[in-house]
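Q: Show me the folded form of this:
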Amino acid sequence: MLGDFNVRTDLALEAKESFGEEDVKIRGVRIEEETDEEREIYTTVVRIETENGARTMGKPVGTYITLEAPNMSSEDENYHREISEVLAGHLRQLLGEEEKTVLVVGLGNREVTPDALGPQVVGNLRVTRHIVKEYGRASLEGSAHPVSAIVPGVMAQTGMETLEIIRGVVRETAPQAVVVVDALAARSTRRLNRTIQITDTGINPGSGVGNHRNGINEEVLGVPVIAIGVPTVVDAATIVNDTMEHLIDTKERRQSLREQISPQLNTMFVTPKDIDETIKRVSYTISEGLNIALS
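A: Here you go, the predicted structure:
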């Protein structure tokens with residue numbers, strides 16, 4: 001049934017693209033684009049400024065920054081360093097100029113590779129809060145932010161909501177900002193492992209794969225929450241739909257196709273075969289961006 005066919009995406013950019021025409025204007029939503037041809041990094045900033053825009057986009061009011069790097073799955077270390085530097089620049093803007101204590105949360109299941117991005121990012125992170133507590137801020141070079149980190153796991157492993165764990169850590173350690181890192185779902189296969197989204201609205205873990213958990217955001221935690229995500233999976237039904245639509249040239253036939261797509265495909269998600277190496281590489285790129293931004 002058509003009603004059972006849902007295109008799932010965590011990317012605000014793809015939510016905007018779902019309206020069809022590229023130049024369509026949505027009241028309360030502002031789009032800014034920047035192209036860095038030399039470094040092959042393309043930035044799109046989606047600013048949802050009103051509740052009308054939020055309802056239309058299906059995303060909370062806030063800023064969504066999308067970095068598209070077509071060669072991010074390559075092994076070019078210099079290219080990844082450039083991505084890290086661009087990511088760090090956006091993180092600094094969202095965090096503000098003031099030095100603050102930051103808690104980094106690596107969401108996901110380290111036992112499931114497409115979902116292991118957050119844990120692997122934390123594994124490469126430079127944590128410094130314990131050094132500051134022991135030796136004082138003077139022990140850190142420059143104006144580094146004291147950084148702590150946690151990998152809360154998933155409910156199947158802990159028996160607890162991720163939010164319950166994070167809320168407890170925030171209450172005990174009192175960070176001034178939280179950065180959460182998670183794997184996302186994309187609408188387009190060309191964005192898998194080649195796109196980074198940064199937003200100041202927090203995150204709803206699992207929303208892109210239909211496994212909604214409690215939101216992790218400023219309203220809930222009481223401190224600003226920045227979310228970083230990379231799409232690592234795409235809905236199988238989306239792949240089938242997109243492939244067949246290229247072969248079917250009328251609206252009526254496309255409608256018929258959508259009605260015939262098996263609802264079971266909505267529970268299947270696809271990831272590239274080289275996901276192990278890709279997650280390892282991309283997690284290092286993101287952790288380096290965090291290390292640069294927080295140093």
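Q: and Lys273, how many residues sit next to it?
A: For Lys273, the number of neighbouring residues by other Cβ atoms under 10 Å comes to 7. Where C-beta positions appear, they are placed from N, C-alpha and C, glycine not excepted.
Q: before we move on, what about Leu221?
A: The burial count for Leu221: 22, using other Cβ under 10 Å.
Q: That one touches Gly168, doesn't it?
A: No. Counting by Cβ atoms under 8 Å, Leu221 does not reach Gly168; the two are 10.8 Å apart.
Q: shared neighbours, the two?
A: Common contact partners of Leu221 and Gly168 (Cβ atoms under 8 Å, 6 or more residues apart in numbering): none.
Q: so how many other residues sit close to Val121?
A: Val121, neighbours per other Cβ under 10 Å, totals 31.
Q: Okay, it and Asn291: tell me how far apart.
A: As judged by Cβ to Cβ, to the nearest Å, Val121 and Asn291 stand 10 Å apart.
Q: Ala156 too?
A: Taking Cβ to Cβ, one finds Ala156 at 30 Å from Asn291.
Q: ok, the two, which is more surrounded?
A: Using other Cβ under 10 Å, the more surrounded residue of Ala156 and Asn291 is Asn291, with 16 against 8.
Q: hang on, the more buried one packs against Val122?
A: No. In this structure, Asn291 is not within contact of Val122 by Cβ under 8 Å, at 11.7 Å.
Q: immediately after the lowest-mean-pLDDT helix or strand in the chain, which helix or strand?
A: Least confident element among the helices and strands of the chain, by mean pLDDT, DSSP states H and E: helix 251-260 (a mean of 57). Note on helix 251-260: by DSSP states H and E, the next helix or strand toward the C-terminus is strand 269-270.
Q: Low-confidence regions, the stretch 1-150 of the chain specifically.
A: 1-8, 18-24, 141-143 (pLDDT under 70).
Q: let's see it at 90
A: Low-confidence segments of the stretch 1-150 of the chain, defined by pLDDT under 90: 1-28, 36-40, 52-59, 70-76, 96-99, 131-145.
Q: before we move on, what about the stretch 151-295 of the chain?
A: Scanning the stretch 151-295 of the chain for pLDDT under 90 picks out 154-157, 185-192, 204-215, 234-274, 295.
Q: For it, which segments are assigned as strands?
A: Assigned by DSSP state E, counting those that start in this stretch, the stretch 151-295 of the chain shows strands spanning 177-186, 195-199, 225-235, 269-270.
Q: now these as a markdown table including distance to Asp10?
A: Below are these laid out as a markdown table (distance: least, Cβ to Cβ, whole Å):
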| stretch | distance to Asp10 |
| --- | --- |
| strand 177-186 | 4 |
| strand 195-199 | 7 |
| strand 225-235 | 6 |
| strand 269-270 | 12 |
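Q: Can you mark which positions in stretch 184-194 are buried?
A: 184-188, 191-194 (16 or more other Cβ atoms under 10 Å).
Q: That one spans what distance, first to last residue?
A: 12 Å (Cα to Cα, to the nearest Å).
Q: Repeat that for stretch 196-214.
A: OK, stretch 196-214 end separation, Cα to Cα: 22 Å.
Q: and what of stretch 171-189?
A: Stretch 171-189 has its terminal residues 39 Å apart, counting by Cα to Cα.
Q: my read: Val29 touches Arg55, true?
A: No. Taking contacts as Cβ under 8 Å, Val29 lies outside contact range of Arg55: 10.7 Å.
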